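# this one's sequence-less:
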């Protein structure tokens, strides 16, 4: 099956810093989503981005489908950005289930 | 988006008992999924809950252990049967509207088995 690798596994920032999270995938996809799981366990869908670039406030994401990677940018980080960020994909021609990466744990210190 | 109500939010159960988790959506959805998240791990799909037919289980998950109901397009239940401490996890309900759509999650059920 498809492999989804996220890096870095852990990231510690000071409030106000910027960061880039990466998601590599091993096969062609027609669905890629980024999620944020807050420290209380709630999963929030940040982006549906199988290709191209999207922005939402301080967050933006870019997927280069031909090169099989996606990036999530967090600018001017805040303590509320802490949590785990997951990338999840659906392979082209496969089942419709999302396959999740192992996540990047982000800690933003005040 | 979708508003998903999942309950209970947490429970502590004894070994050998069963727990049923409910997932209610505020609108009709095509696809409902159940995920498990073991401590410190990523999400693993347990099964797809199909309305009007049996659920489709992923490798490593069986109906006897995780029976699922989907009586209509807005509701599903997952039962964790004959629990052991290894079943201690967060169980999450998620919904999509079919095709390449965003997936939304309920708030999860934190299960601890003693």
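That came through fine. What you see is a predicted model; the values in this text were computed from it and never measured. Residues are numbered from 1 along each chain as shown, chains lettered A, B, ... in the order given.

# got the residues of chain B near chain A?
Within chain B, the residues that sit near chain A (Cβ under 8 Å from any Cβ of the partner chain) are B:31, B:33, B:41-45, B:48, B:58, B:90, B:92, B:94, B:96, B:98-105, B:107-108, B:110. In this view, the C-beta of every residue, glycine as well, is placed from N, C-alpha and C.

# which parts of the one helix or strand residue B:92 maps to are buried?
Assigning secondary structure by DSSP states H and E places residue B:92 in strand B:89-96. Buried residues in strand B:89-96, counted by 16 or more other Cβ atoms under 10 Å in any protein chain shown: B:89-96.

# ok, residue B:15 - how many residues close by?
Neighbour count for residue B:15, taken as other Cβ atoms under 10 Å in any protein chain shown: 11.

# sorry, back to before: what are the contacting residues of the strand holding residue B:92?
Contacts to strand B:89-96, defined as Cβ atoms under 8 Å, 6 or more residues apart in numbering or on different chains, come from residues A:41, A:43, A:96, B:2, B:4, B:6, B:21, B:23, B:25, B:29-39, B:43, B:46, B:76, B:78, B:80, B:102-106, B:108-111.

# rewinding a little: tell me which of the residues of chain B next to chain A fall in strands.
Taking DSSP state E, the ones among those that sit in strands are B:31, B:33, B:43-45, B:48, B:90, B:92, B:94, B:96, B:104-105, B:110.

# is it possible to export these to TSV including distance to residue A:107 and pLDDT?
Listed next are these as TSV, based on distance: Cβ to Cβ, whole Å; pLDDT from 0 to 100:
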residue	distance to residue A:107	pLDDT
B:31	33	81
B:33	29	92
B:43	20	95
B:44	24	94
B:45	28	93
B:48	34	91
B:90	20	96
B:92	23	96
B:94	26	93
B:96	30	80
B:104	26	89
B:105	22	91
B:110	21	95
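
# can you redo these as TSV with distance to residue B:16?
Shown next, in TSV, are these (distance: Cβ to Cβ, whole Å):
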residue	distance to residue B:16
B:31	33
B:33	27
B:43	26
B:44	23
B:45	26
B:48	28
B:90	21
B:92	24
B:94	28
B:96	34
B:104	34
B:105	29
B:110	20
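
# Thanks again, I'm all set now.
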